[in-house]
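In: For reference, the sequence and a predicted model appear below.
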2 protein chains.
Amino acid sequence: MNDPRARKVSQAAMMSTADETEASFYDAMQQADLERMMAVWSDDEEIACVHPGGPRVVGTVAVRAGFEAIFANGPVHVQIHHVRRFESTAFAVHHVTEKVQAVDDKGGMRTAYVMATNVYVRTPVGWRMVAHHASSGMPQELPDITEPRTVLH
Amino acid sequence: MNDPRARKVSQAAMMSTADETEASFYDAMQQADLERMMAVWSDDEEIACVHPGGPRVVGTVAVRAGFEAIFANGPVHVQIHHVRRFESTAFAVHHVTEKVQAVDDKGGMRTAYVMATNVYVRTPVGWRMVAHHASSGMPQELPDITEPRTVLH
């Protein structure tokens, strides 16, 4: 497993479901691993990525440069929960809540909750990400609305 | 065309591509037409909608209630541009910039630019929306990044 080629094959083999590809995406964030991150993405000029509060980044070259800039600051402490899935045999749309922790200007820990939509496509070599859209972080988590709010009167 | 059934059939016939379905989505916004809006969406419990700055709304009942609340304030003056498309025979991911105009507290016109990701799926009755994720509006438009920013030195 110390051979980088073996590692690459192993990672590719792991991405046989959209969930596995999603796990690799967030592992790459947590480890600031640019090669692993780019292995998650489809090799397509129309892949698109929106980081919280940022512009739309389109294409493999620009997406790579965007993550390189983020990872220059070190690992991203992110965990996901509340995954909702719309899945078919060819593609999957996952809606996740990202809990992101970062050190603020005063040295304290700051937590932000980010809503993200991740889109994956099935390819001959496994499932790959084609879109990541993350909204700006919020200090509190907004619970999902799954039915109309009750009107009391 | 005054028969509501004929109108419904006509609208369904129009949504034979993801672009047509997207046009119907924004037409419904501009006309505050709840029935037309819900005709755009897939009839699936895992459809999800994130309005700018809002929570995630999941399922047909909650999505409908969300648009009903928005349309209670009248039409949404929205136009889209900068559409980027990742398309296959089964689904399509569109990245759009929404230019939204609204009257502010002082009676003046305010413009906000919203980045949105729309996901469509091909169904036996045409293309239907399964996800709409809109980020918070910004006073200026952020241009897409399609290649690494030039480093001057």
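Out: Everything's here; your move.

In: what about the top strand by length along chain A, distance to the chain center?
Out: Ranked by residue count and defined by DSSP state E, the top strand of chain A is strand A:109-123. In terms of C-alpha atoms, centre = their mean, to the nearest Å, the gap separating the centre of strand A:109-123 from the centre of its chain is 4 Å.

In: cool, and stretch A:106-126?
Out: Using C-alpha atoms, centre = their mean, the offset of stretch A:106-126 from its chain centre is 3 Å.

In: do stretch A:83-101 as well
Out: Worked out by C-alpha atoms, centre = their mean, stretch A:83-101 lies 9 Å from the chain centre.

In: next helix or strand past the helix or strand bottoming out on mean pLDDT in chain A?
Out: Lowest on mean pLDDT, DSSP states H and E among the helices and strands of chain A sits helix A:4-14, with a mean of 57. Using DSSP states H and E, the helix or strand that follows helix A:4-14 in sequence is helix A:18-31.

In: number of nearby residues for the residue lying closest to residue A:43 once chain neighbours are set aside?
Out: Spatial nearest neighbour of residue A:43, chain neighbours left out: residue A:60 (6.1 Å); criterion: C-beta to C-beta, 6 or more residues apart in numbering or on different chains. Every C-beta, even on glycine, is put in place using the N, C-alpha and C of the backbone. By the criterion of other C-beta atoms under 10 Å in any protein chain shown, residue A:60 has 15 neighbours.

In: Enumerate every residue touching residue A:60.
Out: Residue A:60 is in contact with A:38, A:41, A:43, A:44, A:45, A:47, counting by C-beta atoms under 8 Å, 6 or more residues apart in numbering or on different chains.

In: Could I get the residues you listed in TSV, plus columns for pLDDT, neighbour count and secondary structure?
Out: Formatted as TSV, the contacts of residue A:60 follow (pLDDT from 0 to 100; neighbours: other C-beta atoms under 10 Å in any protein chain shown; DSSP: H, G, I helix; E, B strand; the rest coil):
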residue	pLDDT	neighbour count	secondary structure
A:38	97	15	helix
A:41	98	21	strand
A:43	95	11	coil
A:44	93	14	coil
A:45	93	13	coil
A:47	97	24	coil
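
In: which two from those end up farthest apart in space?
Out: A:38 and A:45 (14.1 Å; C-beta to C-beta).

In: host element of the closest residue in space to residue A:50 that isn't next to it in sequence?
Out: Excluding its sequence neighbours, the residue lying closest to residue A:50 (C-beta to C-beta, 6+ apart) is residue A:133, at 4.5 Å. Using DSSP H and E, residue A:133 sits within strand A:126-134.

In: Counting by contacts, list what that strand packs against.
Out: With contacts defined as 3 or more C-beta pairs under 8 Å, 6 or more residues apart in numbering or on different chains; DSSP states H and E, strand A:126-134 has these neighbours: helix A:18-31, strand A:48-50, strand A:109-123, strand B:91-103, strand B:109-123.

In: Contacts for stretch A:32-39, please.
Out: In contact with stretch A:32-39 (C-beta under 8 Å, 6+ apart) are residues A:8, A:11-12, A:15, A:24-25, A:27-29, A:60, A:63-64, A:67-68, A:70-71, A:74-76.

In: Quick one, which of the residues you listed are buried?
Out: For the contacts of stretch A:32-39, a neighbour count by 16 or more other C-beta atoms under 10 Å in any protein chain shown gives the buried set as A:11, A:15, A:24, A:25, A:28, A:29, A:63, A:64, A:67, A:70, A:71, A:76.

In: What is the nearest of those to residue A:109?
Out: Once C-beta to C-beta is applied, the member of those that ends up nearest residue A:109 is residue A:76, at 13.8 Å.

In: Now do the same contact list for the closest one.
Out: Contacts of residue A:76 by C-beta under 8 Å, 6+ apart are A:29, A:30, A:32, A:70, A:100.

In: Flag the shaky bits of chain A, pLDDT-wise.
Out: A:1-13, A:148-153 (pLDDT under 70).

In: again, only this time at 50
Out: Along chain A, segments meeting pLDDT under 50 span A:1.

In: Tell me who's in contact with residue A:46.
Out: Applying C-beta under 8 Å, 6+ apart, the residues contacting residue A:46 are A:58, A:59, A:130, B:84, B:85, B:86.

In: Backbone dihedrals for residue A:40, please?
Out: As for residue A:40, its main-chain torsions (degrees, to the nearest 10) stand at phi -70, psi -30.
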